[in-house]
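Okay, here's the prediction I keep looking at, along with the sequence it came from:
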Amino acid sequence: HVSNHSQLADQTTTMELALRWAPSVLTLLGRPDLHDPFGGAEVVPLRWEPSHEQEGTFFGAVATTTPCLSANALHSRSLLAAAMPEFLGGKKAVVVPEATPTVFKPLPTRAEQLSRLKTTEFDVLVIGGGATGAGVALDAASRGLSVALVERDDFASGTSSKSTKLVHGGVRYLEKAVKNFDLSQYELVKEALNERETVLQLAPHLAQQVPIMVPLYRWWMVPYYWVGLKAYELIARLHYRSLFGQEVKSSYYMRSHEALERLPVLRGDGLCGAVVYYDGQFDDAGLNLAVALSAVDAGAVVTNHTEVTSLVKSDTGTISGATVVDRLTGEETTVRAKVVVNATGPFADAVRTMDNAAQDGLVQGSAGVHITLPLYFGSHTMGLLDPQTSDGRVVFMLPWEGVLLVGTTDTPCPITPDPVADTASIDFVLGEFRKYLDPSITVTREHVLSAWSGIRPLVNAKASTSSTQEIVRSHYIDVSTSGLVTVTGGKWTTFRKMAEDTVDAAVKWASLPATRSTTATTPLRGAAKYHRSLFVELIQRYHLDQDVAQYLAHRYGDRADAVAALATKNGQQPAKRLHPQYPFLEAQVDIAVREEYACNAVDILLRRLRLAFIDSRAALAVLPRVVELLAAANGWSSGRAKSELASATSTLQTMVAQIEKA
């Protein structure tokens, strides 16, 4: 702990050497998880946590990564226990505070937000509540502008909830940059890696590092991928701007027998070894929601299920707002704004047509299909990358929310509101996955728990549409003569930078009095007081099962305490699960309605709880109970509840139908 800046300066050098550089030194010695005095432990890099204006604490820690402590680790533990018994169960026992959940300021209700739409002239109106649109709303609101955001469906209802759940630079883009001497691909990787680090810092509850194994079956591949992944890592280290940011861990080579120990289902015949590298993994819909709610916290008016039907123009032909319809009530409203931002992803051209029907299209759709499988086909702690599929793409196999996520495809597709995972794409993904399995293991369509397709909005106005794999994933901003600011393209990982650039363009066009962007350093909702041992506190305070406590901590961050308190009535009763196999709680339905603007069962099961993406049959099974809880929370009549059940059943049955064997 330090109490002034002079102490901060004195301590920085020692702490940096001891904590930040230790992993790098150990990596040079060979294996970062073996060559250290703690017997299979890793040193967590330096983190600075301010407590007052000139006070704070440096944090560095040793975290064991093996099931059992070695003799060295036990000796180290005894030394620590002697010095700091309060941390390791010595004379001073760890004291768990009584259950006193932090009380947060309630958000405005959806009705209150709609009322403000009618009566306020905004600086910025954002159309689209996906990652980019929510990011634009947050960036603009944090700069002191008055902001409104309207979303036709729900937050992250489109592409933003249907990703591979990786916040990453893109290993394959770096390979293309080198092979094709393509500077634009390199610039994309550099920007994405920088933004990856930013997301990991601003939302540590929703985004974490994940090790990904690249199995290698040719000896020449070992140096090729080792060097390539070291270059990927070096780019990230060279360009990340934060002094105290936690760096992504180093890649390393793993011998074949070690790879098979970590991933027993892996095909061992001809395996030469593997390279393991680290990237970021996140809950895409959860992060999207956190950004949208952070925008509300910053003063923005944010509404879902509110559709733009036309743009409003002044006598001079300049866009001055939009006509919107509340899709839940049918009520129409004109929203006035000094500048309108079109952040509708693959539907950007539809909004541009409202401005000028004669414009050429900007967006080329690319379908990305994913499936989920039981986690016993993979590893709880490590993903796998197929770097070269039969058609030149890459496929990831990643542990996610208790299942194995496998994908993705990258094929041209039409722009449709509800894309489906076609049989051919599902079979392709399964076929690529089978190539890496031991021949004794069988995986079929019957094992698929869920499948979905998302449409990437690639900027491809003039290029051929025969292949979407070669289109650079950089974002593009267009300002029409009437003032419509359109942003499209890009990657999930770079949403924050896309939003910053878009607000810069909007501010410039409308001459708005905005300050500089601060979103690169402002924690998102749930992150401010989150820490890695939060789930332990939840277990001890509320007697939760471990999987439930870990899930709540990652889903809600520093707000998990309030959710656990509601679910257990302050620890007085067990939390009620919606499904015995999964950690989702009945109390989350009430939270989703009151604090997250969920309006129907599909909002909850697809984007608040993610169960429909994890296991669509399980989602269908719990649907009646979810509708009961929704009806109670909203005061619905029995007729309204029946209508909701029928509508949501149709949606979920469509998802189930995609995974049934043809």
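On my side now, so go ahead.

CA atoms for contacts and neighbours, from now on please.
Will do.

gap between residue 493 and residue 606?
21 Å (Cα to Cα, to the nearest Å).

That should have said residue 155, apologies.
11 Å.

Looking at the two, which one has more neighbours?
Comparing residue 155 with residue 606 by neighbour count (other Cα atoms under 10 Å), the higher total belongs to residue 155, at 32 against 20.

can you give me phi and psi for that one?
Main-chain dihedrals, residue 155, degrees, to the nearest 10: phi -60, psi 130.

Please apply the same query to the one 3 residues further on.
Here is the backbone geometry of residue 158 (degrees, to the nearest 10): phi -100, psi -130.

partners of the strand or helix carrying residue 341 in the sheet?
Per DSSP states H and E: residue 341 is located in strand 332-342. Using DSSP bridges, strand 332-342 pairs in its sheet with strand 121-127 (parallel), strand 319-326 (antiparallel), strand 484-489 (parallel).

looking at those strands, which is closest to residue 574?
Closest approach to residue 574 among the strands paired with strand 332-342 (Cα to Cα): strand 319-326, 38.6 Å.

Could you export stretch 627-646 as PDB, CA atoms only?
Below are the C-alpha coordinates for stretch 627-646, written out as PDB (Å, rounded to 0.1, in the frame of the first residue of the first chain):
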ATOM      1  CA  VAL A 627     -43.100 -17.100 -18.800                       C
ATOM      2  CA  GLU A 628     -44.700 -17.600 -15.300                       C
ATOM      3  CA  LEU A 629     -42.000 -15.500 -13.700                       C
ATOM      4  CA  LEU A 630     -42.300 -12.900 -16.400                       C
ATOM      5  CA  ALA A 631     -46.000 -12.700 -16.000                       C
ATOM      6  CA  ALA A 632     -45.600 -12.200 -12.200                       C
ATOM      7  CA  ALA A 633     -42.900  -9.500 -12.700                       C
ATOM      8  CA  ASN A 634     -44.900  -7.600 -15.300                       C
ATOM      9  CA  GLY A 635     -48.500  -8.200 -14.000                       C
ATOM     10  CA  TRP A 636     -49.600  -9.900 -17.200                       C
ATOM     11  CA  SER A 637     -53.000 -11.400 -17.700                       C
ATOM     12  CA  SER A 638     -53.300 -15.100 -18.400                       C
ATOM     13  CA  GLY A 639     -54.100 -14.300 -22.000                       C
ATOM     14  CA  ARG A 640     -50.900 -12.200 -22.300                       C
ATOM     15  CA  ALA A 641     -48.900 -15.000 -20.800                       C
ATOM     16  CA  LYS A 642     -50.300 -17.600 -23.200                       C
ATOM     17  CA  SER A 643     -49.500 -15.400 -26.100                       C
ATOM     18  CA  GLU A 644     -46.000 -14.900 -24.900                       C
ATOM     19  CA  LEU A 645     -45.500 -18.700 -24.400                       C
ATOM     20  CA  ALA A 646     -46.700 -19.400 -27.900                       C
END
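
chain center to it: distance?
30 Å (Cα atoms, centre = their mean, to the nearest Å).

Then stretch 499-514?
So, by Cα atoms, centre = their mean, the centroid of stretch 499-514 is 26 Å from its chain's centroid.

Could you do stretch 542-551 as well?
21 Å.

Endpoint to endpoint, that stretch covers what distance?
14 Å.

Pull out the buried positions in it.
Residues of stretch 542-551 classed as buried by neighbour count (16 or more other Cα atoms under 10 Å): 542, 543, 544, 548, 549, 550, 551.
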